[in-house]
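Peer 1: Quick one, structure for this:
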Amino acid sequence: MAVETFDPRTAANTPVTVSPAAVEHFRRQLQKDQSAQAVRLSVKESGCTGFMYVVDLVPDLNADDIRQTLDEGVDLMIDRGSLGVVSGTQIDIVTEGVNRQLRFQNPNAKDHCGCGESFSVG
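Peer 2: As a prediction, this is how the structure comes out:
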């Protein structure tokens with residue numbers, strides 16, 4: 001098994017791509033919560049496959065995170081420890097019937113659980 005490392009000094013300026021619809025979703029969420037300054041993306045160990053995405057509204061811009069400024073002045077903070085797992089991910093918001101949800105297209109994900117909650121990297 002190969003181990004990849006992520007060096008933010010040599011990576012593209014945008015480790016994660018966010019669709020205009022997802023940016024608008026994040027902007028609306030930030031407007032609802034006046035104490036939040038940014039959206040934070042991380043992963044945690046969970047589920048039957050390994051990892052799950054965690055998207056939080058955060059009250060401060062953590063200096064340890066990677067800051068990615070999106071359109072409309074939305075800041076996306078990416079957990080530095082999760083960067084190797086989420087780098088290259090495309091985030092979109094999709095509507096299926098009456099449900100809207102964030103969708104993550106992650107080139108690092110090798111397997112997904114049946115319910116779609118967790119994924120593994122290889």
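Peer 1: mind showing which ranges of the protein have poor pLDDT?
Peer 2: Scanning the chain with the threshold set as pLDDT under 70 gives 1-13, 47-49, 111-120, 122.
Peer 1: Excluding chain neighbours, give the residue nearest to the spatially most central residue of the chain in space.
Peer 2: The centroid of the chain falls nearest to L41 when counting by C-alpha atoms, centre = their mean (3.9 Å). Closest residue to L41 apart from its sequence neighbours, by C-beta to C-beta, 6 or more residues apart in numbering: I78 at 5.2 Å. From N, CA and C alone the C-beta is placed, and that goes for glycine too.
Peer 1: ok, which stretches of this structure are helices?
Peer 2: For the chain, the helices defined by DSSP state H occupy 20-32, 83-86.
Peer 1: Of all the ones you listed, which one is nearest D92?
Peer 2: Proximity to D92 (C-beta to C-beta) singles out helix 20-32 among the helices of the chain, at 5.4 Å.
Peer 1: Which neighbouring elements make contact with the closest one?
Peer 2: strand 38-46, strand 90-96, strand 99-105 (3 or more C-beta pairs under 8 Å, 6 or more residues apart in numbering; DSSP states H and E).
Peer 1: Of those, which is nearest L70?
Peer 2: Short answer: strand 38-46, nearest of these by C-beta to C-beta, at 8.5 Å.
Peer 1: Buried residues of the closest one, list them for me.
Peer 2: A38, V39, R40, L41, S42, V43 (16 or more other C-beta atoms under 10 Å).
Peer 1: now the angle from it to strand 90-96?
Peer 2: Strand 38-46 and strand 90-96 are oriented at 80 degrees to each other (axes from the mean of the first three to the mean of the last three C-alpha atoms, to 10 degrees).
Peer 1: just checking, what packs against strand 38-46?
Peer 2: Using 3+ C-beta pairs under 8 Å, 6+ apart, the elements in contact with strand 38-46 are helix 20-32, strand 50-58, strand 75-78, helix 83-86.
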